[in-house]
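Q: Pasted the sequence and its predicted model underneath.
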Amino acid sequence: MGEERYLPLFETTRANGRVLYRLFAVSVFVGICLIWVYRVTHIPKACEDGRFGWMCLFAAELWFSFYWVVTQATRWSRIYRHTFKDRLSQRYEKELPGVDIFVCTADPIIEPPMMVMNTVLSVLAYDYPPEKLSVYLSDDGGSELTYYALLEAAEFAKHWIPHCKKYSVEPRSPAAYFISTASDAVGDQSQNQNRAGDVALIKKLYENMENKIENAVKLGRISEEVRSKHKGFSQWNSYSSKLDHDTILQIVVDGRNPNARDVEGCMLPTLVYLAREKRPQYHHNFKAGAMNALIRVSSSISNGKLLLNVDCDMYSNNSMAIRDALCFFMDEEQGHEIAYVQFPQNFDNLTKNELYASLKVINEVEAHGLDNYWGTLYIGSGCFHRREVLCGNIFSKRCRSEMKWEGKKGEEIAIHDLEETSKSLASCAFEENTQWGKEMGLKYGCPVEDVITGLSIQCRGWKSVYCNPTRKAFLGLNATTLLQILVQHKRWSEGNLQIMLSKYSAVWFGHGKISLGHQLGYLRYNLWAANCWATLIYSILPSLYLLRGTSLFPQV
Ligand SMILES: O=c1ccn([C@@H]2O[C@H](COP(=O)(O)OP(=O)(O)O[C@H]3O[C@H](CO)[C@@H](O)[C@H](O)[C@H]3O)[C@@H](O)[C@H]2O)c(=O)[nH]1
Ligand SMILES: [Mn+2]
């Protein structure tokens, strides 16, 4: 062991082509300066036409120059992280911590239950000891359809998880997997025969589940026959609407129960359905509210030390991602300083030319630049957190918390009692006069609750890491119409501007707590909306002046 103990669990390398990029950036900067010089030396005289337009354009150019400089903070120095999962297994396989995974859904029409179940199944089948894994589905739609789908998915999981393990399936979302097996059906026939048989069998079971769920969705309600089979549906008896109902909670699979096993006899991960209480007189705070309820409920059921959140349209595409994340958290030297590990959000429904600009530049360039300050942004889906960090802990060098397994929680409590105590944690009144939504959990009141929460975590002294393995960890659905994109980008840019102007601004709140480059990195996004004025001037004024025959640009 000796020397081996000290081999790190991850390494950091600098991006190639740095010098080239910097030369390029310097040349752009020289170009920018020349534009300023030109503008200043060629201002139209007071009597000449175009003086006002010229000044406006100059102001816009000054703004763009400033924004360009700010942007360089995220591009100047990029780094990459590589994990050593084999070292992790060798050293810590027995001590791997409990992991609680939160899947958020909010509407069974916009987010069809089948899509949600594929995400749930993909995370249930992670390559991770099942007794240490718990999956929570948060249903802000409070829909019986989603609940029913989860019951069906739990049955299917008993076949799906062993199938994934036997054939090292990737990806572990059944729908995505069947699409990929259909395209690579050719191969060594004799060797593949057994497998082909098993795939056909599992596909049949999947279609069976799909039919049942789709039929219920088409019907728009659950048939009496199904209702009578599962006592959980009685929780909807007092339900009046999506925004007015009691907490609905059921431990669908109780990982503590020795009989909770798959068809091969292996333990199953815990699986929980939660629709937190909603009342018209209490603000529900959207996803942040759902996440905070999940943090509390999971603390009483499984209390995993590591939390992962995925949106319901983002399935796990890499069954090793938990281990990738743990390579950071469990690293002997630096692990204790790391608060969260963010994976990029990639999409598998992009148009050929990525018409609506995916997050590619952010994912492949800028996030690596921010990582250089240990300051990657928390962007919601695909992020692993230490539980204590989301509970408001301040980083302290002295009290080093270990990311290790500490045994199962509450094994002696009967499942019914556990459900009842957990329910109270998801009630509306629970957060009254508490720090939840302020200093604890995700922050309320900002459309990008994740970014502002991430910033405040970093301001409390913690580091964050960006992990972008070759095999994408998560794949989701991007908005596909102009309208959807506009709504989404408006929300993001508005939210970011709000951070800029709030008490948590990277400029004043972050001052002295995070580095200058890191502050500028945040500004790149926080000022995104503010670009609109300069863009408007630049796109409208020159054409208006041309109508009068005045050019605001040099003659070529
Ligand atoms: O009241 C709500 C509203 C939304 N959601 C869930 O939150 C997630 C994100 O909402 P969505 O409307 O899909 O927003 P997007 O713009 O696609 O999400 C991106 O932007 C959000 C805000 O920054 C992040 O939280 C997300 O993780 C990130 O993927 C989805 O799973 C929803 O089901 C809830 O649970 N409750
Ligand atoms: Mn979304």
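A: Structure received. If you're wondering where the values come from, they're calculated on a predicted model, not measured in any experiment. Ligands and ions are numbered 1, 2, ... in the order given.

Q: Geometric centre of this protein: which residue is closest?
A: Ser381 (1.2 Å; Cα atoms, centre = their mean).

Q: Wait, that residue touches Gly476, no?
A: Yes - counting by Cβ atoms under 8 Å, Ser381 touches Gly476, with 6.8 Å between them. Quick note: C-beta positions are derived from backbone N, CA and C, even for glycine.

Q: and Arg172, helix, strand or coil?
A: coil (DSSP: H, G, I helix; E, B strand; the rest coil).

Q: Can you give me the pLDDT of the nearest residue in space to it that is not next to it in sequence?
A: In space, Arg172 comes closest to Ala125 once its chain neighbours are excluded; the distance is 4.0 Å by Cβ to Cβ, 6 or more residues apart in numbering. Here, the pLDDT recorded for Ala125 equals 98.

Q: Please report how far Ala125 lies from Trp528.
A: 37 Å (Cβ to Cβ, to the nearest Å).

Q: hang on, the earlier thing: doesn't Trp160 make contact with the residue nearest to Arg172?
A: Yes - the criterion here is Cβ under 8 Å, and Ala125 meets it with Trp160 at 6.3 Å.

Q: and for the two, which residues touch both?
A: Arg172 (Cβ atoms under 8 Å, 6 or more residues apart in numbering).

Q: For burial, what's the neighbour tally of Asn363?
A: Neighbour count for Asn363, taken as other Cβ atoms under 10 Å: 18.

Q: So it versus Thr13, what's the distance?
A: According to Cβ to Cβ, Asn363 and Thr13 sit 18 Å apart.

Q: about what we covered before: anything in contact with each of Ser381 and Gly476?
A: In contact with both Ser381 and Gly476: 311, 314, 345, using Cβ under 8 Å, 6+ apart.

Q: Save those residues as JSON lines, and put in pLDDT, distance to Met114 and secondary structure too.
A: Output for those, formatted as JSON lines (pLDDT from 0 to 100; distance: Cβ to Cβ, whole Å; DSSP: H, G, I helix; E, B strand; the rest coil):
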{"residue": "Asp311", "pLDDT": "98", "distance to Met114": "15", "secondary structure": "strand"}
{"residue": "Met314", "pLDDT": "98", "distance to Met114": "15", "secondary structure": "strand"}
{"residue": "Gln345", "pLDDT": "95", "distance to Met114": "21", "secondary structure": "coil"}
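
Q: circling back: now do the contacts for the residue nearest to Arg172.
A: Neighbouring residues of Ala125 by Cβ under 8 Å, 6+ apart: 157, 160-161, 164-165, 169, 172, 316, 319.

Q: How much space separates the closest residue to ligand 1 within the chain from Glu48?
A: Nearest to ligand 1 in the chain, going by Cβ to the nearest ligand atom, is Gly380, at a distance of 2.1 Å. Applying Cβ to Cβ, the value for Gly380 to Glu48 is 52 Å.

Q: One more: Thr270?
A: 75 Å.

Q: Near ligand 1, which residues of the stretch 401-550 of the chain are found?
A: 448, 450, 488 (Cβ under 6 Å from any ligand atom).

Q: Could you do the chain as well?
A: So the chain meets ligand 1 at 104-106, 111, 138, 140, 286-287, 290, 311-312, 345, 380-381, 448, 450, 488 (Cβ under 6 Å from any ligand atom).

Q: Please list only the buried members of those residues.
A: 104-106, 111, 138, 140, 286-287, 290, 311-312, 345, 380-381, 448, 450 (16 or more other Cβ atoms under 10 Å).

Q: what's the closest of the contacts of Ala125 to Phe29?
A: Among these, Ser316 lies closest to Phe29 (Cβ to Cβ), at 41.8 Å.

Q: Report the beta-bridge partners for that closest one.
A: Beta-bridge partners of Ser316, counted by DSSP bridges, are Phe474.

Q: how close does it sit to Gly380?
A: In terms of Cβ to Cβ, Ser316 sits 15 Å off from Gly380.

Q: Can you show me the strands along the stretch 351-500 of the chain?
A: 383-386, 463-466, 474-476 (DSSP state E, counting those that start in this stretch).

Q: Count residues in the vicinity of Met114, would you?
A: Met114: 17 neighbours (other Cβ under 10 Å).

Q: Checking my notes, it in a helix, right?
A: Yes - counting by three-state DSSP, Met114 is part of a helix.

Q: ok, it - contacts?
A: 149, 175, 210, 213-214, 217.

Q: still on that earlier bit, next step: the residues of the chain next to ligand 1 restricted to helices.
A: Among the residues of the chain next to ligand 1, DSSP state H puts 286-287, 290, 450, 488 in helices.

Q: Which residue lies closest in space to Asn404, excluding its sequence neighbours?
A: Wrong residue type there; residue 404 is Lys, not Asn. That would be Glu95: by Cβ to Cβ, 6+ apart, it lies 4.7 Å from Lys404.

Q: if I look at the one you found, how far off is Leu307?
A: Counting by Cβ to Cβ - Glu95 and Leu307 are separated by 18 Å.

Q: ok so, going back, now the residue nearest to the centre of the chain: how far from Asp311?
A: Taking Cβ to Cβ, one finds Ser381 at 4 Å from Asp311.

Q: Mind listing the shared neighbours of the two?
A: Gly476.

Q: any idea how far Gln345 is from Ala200?
A: 33 Å.

Q: coming back round to it: out of the ones in helices among the residues of the chain next to ligand 1, which is nearest to Gly407?
A: Nearest to Gly407 among these, with distances taken as Cβ to Cβ, is Ala290, at 28.2 Å.

Q: dump the residue contacts of the closest residue in space to the closest one that isn't next to it in sequence.
A: Ranked by Cβ to Cβ, 6+ apart and with sequence neighbours excluded, the top spatial neighbour of Ala290 is Ser138, at 4.6 Å. The contact partners of Ser138, by Cβ under 8 Å, 6+ apart, come to 102-105, 274-276, 290-291, 293-294.

Q: Out of those residues, give me the one that has the most neighbours.
A: Neighbour-wise, the contacts of Ser138 (other Cβ under 10 Å) top out at Ala293, 31 neighbours.

Q: hang on, that one packs against Ala275?
A: No - with contact defined as Cβ under 8 Å, Ala293 does not count as touching Ala275 (9.5 Å).

Q: Render the CA-only coordinates of the helix or strand hosting Arg87 in CSV, please.
A: Element membership of Arg87 [criterion: DSSP states H and E] is helix 85-92. Taking C-alpha atoms only, helix 85-92 is exported to CSV below (Å, rounded to 0.1, in the frame of the first residue of the first chain):
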residue,chain,number,x,y,z
LYS,A,85,-11.8,5.2,-10.7
ASP,A,86,-9.7,2.1,-10.3
ARG,A,87,-7.8,3.6,-7.4
LEU,A,88,-11.0,4.6,-5.8
SER,A,89,-12.3,1.0,-6.0
GLN,A,90,-9.1,-0.4,-4.7
ARG,A,91,-8.9,1.9,-1.7
TYR,A,92,-12.5,2.6,-0.8
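
Q: How far away from the center of its chain is it?
A: 26 Å (Cα atoms, centre = their mean, to the nearest Å).

Q: same for it, what does it pack against?
A: helix 321-329 (3 or more Cβ pairs under 8 Å, 6 or more residues apart in numbering; DSSP states H and E).

Q: and the helix it packs on with helix 85-92, angle?
A: For helix 321-329 against helix 85-92, the angle by axes from the mean of the first three to the mean of the last three Cα atoms, to 10 degrees is 70 degrees.

Q: which strands and helices sit next to helix 321-329?
A: Going by 3+ Cβ pairs under 8 Å, 6+ apart, helix 321-329 lies up against strand 79-83, helix 85-92, strand 306-311, strand 338-342, strand 383-386.
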